[in-house]
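Enquirer: Coordinates for the following, if possible.
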Amino acid sequence: MTRPAFVETRDGHLLAYRDEGSGPPVVFIHGWSLSGAIWQPQLEYLVANGHRVITYDRRGHGHSAKPATGYDYDTLSDDLAAILAHTVVTGATLVGHSMASGEIARYFAQHGGKRIARTVFVAPTTPFALRTDDNPEGTDRAAFDQLVLALEADTKQYLTAGAPSLVGPYAPPEMLKWVLDMAYQADPVALVKCVRAFTETDFRADLSTIRVPTLVVYGTADLPMIACNAYRTSAAIAGSRLHAYEGAPHGLFITDRERFNADLLRFARS
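Expert: Numbers count the residues shown, from 1 in each chain. Below is the predicted model of the structure:
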């Protein structure tokens, strides 16, 4: 695997990234607790099929800096902007998994979607996870508070127990080890702050600023709220397409790799 390079963020921290291949660019943003390495199968497939691929580790994750601050979506979208500007991509397909859906939405709202030609939302946490008077489809704050308490009490145990929800209950041991090795690299404080950010940030207005072709995909074996999120996210983006992967978990791009890769390649060429 190629060693990562680094780009400096607006607030002076280093983000690890990889930039491989040539051709129309595809940029990936990983989900909570993981790193850009989770997209390795997609990177290899797309590079082999004539695409340039850029992955990076969110601050607090993987090989990137782990500062105490900057886990709000305004800053995270600035980090994405720094990656895109540094790599000088144009006409990119931007793919985000889980909490990364918020980075896509905020990037369009805050940076105008510059350099992006199409977007892919995978098992999104958008448009708004928290239940409020005007968002009855959300989840009670108490549930997220309990999640944070468990995460703070024993971060490694929480990540270990949650891994099957990403890759399914029957994942082979080597797959579980692969995802957990990534998750254990993440900073515990960053993980808590990211949970608060993706559960408490309202992206409903942000999604309406996305006016490029968009694909939203989710697995039917994921949490019921993810299916709800996927429907609502798709409904909020004019002209978007919604695909369900029957029986797939939260990490459908891992478990249903061949189908996802083929769907992504087709969409990136559309």
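Enquirer: any idea how far Val7 is from the closest residue to Gln185 other than its chain neighbours?
Expert: Excluding its sequence neighbours, the residue lying closest to Gln185 (Cβ to Cβ, 6 or more residues apart in numbering) is Gly62, at 5.5 Å. Every residue, glycine included, has its C-beta placed from N, CA and C. Gly62 is 14 Å from Val7, where distance means Cβ to Cβ, to the nearest Å.
Enquirer: what about the strands in the chain?
Expert: Under the criterion DSSP state E, the chain carries strands at the ranges 5-8, 14-20, 25-29, 52-56, 92-97, 116-122, 214-219, 241-245.
Enquirer: joint contacts of Gly62 and Val7?
Expert: Shared contacts of Gly62 and Val7, defined by Cβ atoms under 8 Å, 6 or more residues apart in numbering, are absent.
Enquirer: So those two - more neighbours on which side?
Expert: More neighbours surround Gly62 than the other of Gly62 and Val7, with 25 against 20 (other Cβ atoms under 10 Å).
Enquirer: quick one: the more buried one and Asp187 touch, right?
Expert: No. Counting by Cβ atoms under 8 Å, Asp187 is not a contact partner of Gly62; they are 10.1 Å apart.
Enquirer: Could you tell me how many residues sit around the nearest residue to Phe198 once chain neighbours are set aside?
Expert: Leaving aside its chain neighbours, Phe198 sits nearest to Met99 (4.0 Å; criterion: Cβ to Cβ, 6+ apart). Under the neighbour criterion other Cβ under 10 Å, Met99 is assigned a count of 27.
Enquirer: For Leu180, grab the count of nearby residues.
Expert: Neighbourhood size, Leu180 [other Cβ under 10 Å]: 19.
Enquirer: and what of Arg10?
Expert: Arg10 is flanked by 11 other residues according to other Cβ under 10 Å.
Enquirer: again with Thr201
Expert: Counted with other Cβ under 10 Å, residues neighbouring Thr201 total 22.
Enquirer: and what of the one 5 residues further on?
Expert: If you count neighbours by other Cβ under 10 Å, Asp206 ends up with 22.
Enquirer: so who does it touch?
Expert: Taking Cβ under 8 Å, 6+ apart as the test, what Asp206 contacts is 102, 105-106, 108-109, 126.
Enquirer: ok, now Asp202?
Expert: Asp202 sits next to 127-128, 130, 135 when contact means Cβ under 8 Å, 6+ apart.
Enquirer: So which of those wins on neighbours?
Expert: Most surrounded of the contacts of Asp202: other Cβ under 10 Å gives Pro127, at 26 neighbours.
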